[in-house]
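Engineer: Need a 3D model of the following:
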Amino acid sequence: VRLVESGGGLVQPGGSLRLSCAASGFTFSSYAMSWVRQAPGKGLEWVSAINSGGGSTNYTDSVKGRFTISRDNAKNTLYLQMNSLKPEDTATYYCKGNKLFPRGTLVNYWGKGTLVTEP
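Structural biologist: Numbering: from 1, shown residues only. Modelled structure (predicted):
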């Protein structure tokens, strides 16, 4: 199983970035996916989630209206479009997949993260 994030980098306040997460080794289209971030010296913060089919999305309040999560199940790829970036968005962004199997087994997969920083 692999989740590989890309697209991070240095961006000016007010700028935009598009993060991608390429998935392999599992049935991507059957997993709900999320973006989770960790700012320097802080804990993990859930950012956004999308259901397996892509028809339902959720966002933490601080990114609503600025970030858009999407997925392409044909390409096994998750995206996060980030606009109007703020200094407080500086963090390592992780891609996460999860699925609840019968009998209550919850499976989580994590990527290694991509860093978004602002000067």
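
Engineer: hmm, who's touching the helix or strand hosting S20?
Structural biologist: Element membership for S20 (DSSP states H and E) is strand 17-24. Contact with strand 17-24 is made by 1-9, 11, 33, 35, 76-82, 85, 93, 95, 97, 109, 111, 114, 116, as judged by C-beta atoms under 8 Å, 6 or more residues apart in numbering. C-beta here means a position set from N, CA and C on the backbone, and glycine is covered the same way.

Engineer: From V11, how far off is the residue sitting furthest away from the middle of the chain?
Structural biologist: The centre of the chain is farthest from one residue, R103, which by C-alpha atoms, centre = their mean lies 27.1 Å away. Distance, R103 to V11, by C-beta to C-beta, to the nearest Å: 44 Å.

Engineer: The strand holding S20 - what's its average pLDDT?
Structural biologist: Per-residue pLDDT over strand 17-24 has a mean of 98.

Engineer: Strand partners (parallel or antiparallel) of that strand?
Structural biologist: Paired strands of strand 17-24, with direction, are strand 2-6 (antiparallel), strand 77-82 (antiparallel) (DSSP bridges).

Engineer: and those, which is most packed in?
Structural biologist: Among those, strand 77-82 has the highest mean neighbour count (mean count of other C-beta atoms under 10 Å), at a mean of 22.

Engineer: Helix or strand next in line after the strand ranked longest in the chain, which one?
Structural biologist: The residue-count maximum for a strand in the chain (DSSP state E) belongs to strand 91-100. Proceeding N to C from strand 91-100, the next assigned helix or strand is strand 106-110, under DSSP H and E.

Engineer: center of this protein - which residue?
Structural biologist: Ranked by distance to the mean C-alpha position of the chain (C-alpha atoms, centre = their mean), the top residue is W35 at 2.4 Å.

Engineer: how about T114, what does it touch?
Structural biologist: Contact partners of T114, counting by C-beta under 8 Å, 6+ apart, are 5-8, 19, 92-93.

Engineer: which among those residues gets closest to G43?
Structural biologist: Using C-beta to C-beta, T92 comes nearest to G43 of the contacts of T114, at 12.0 Å.

Engineer: Name the nearest residue to the closest one, ignoring sequence neighbours.
Structural biologist: Nearest residue to T92 in three dimensions, chain neighbours excluded: G113, at 4.2 Å (C-beta to C-beta, 6 or more residues apart in numbering).
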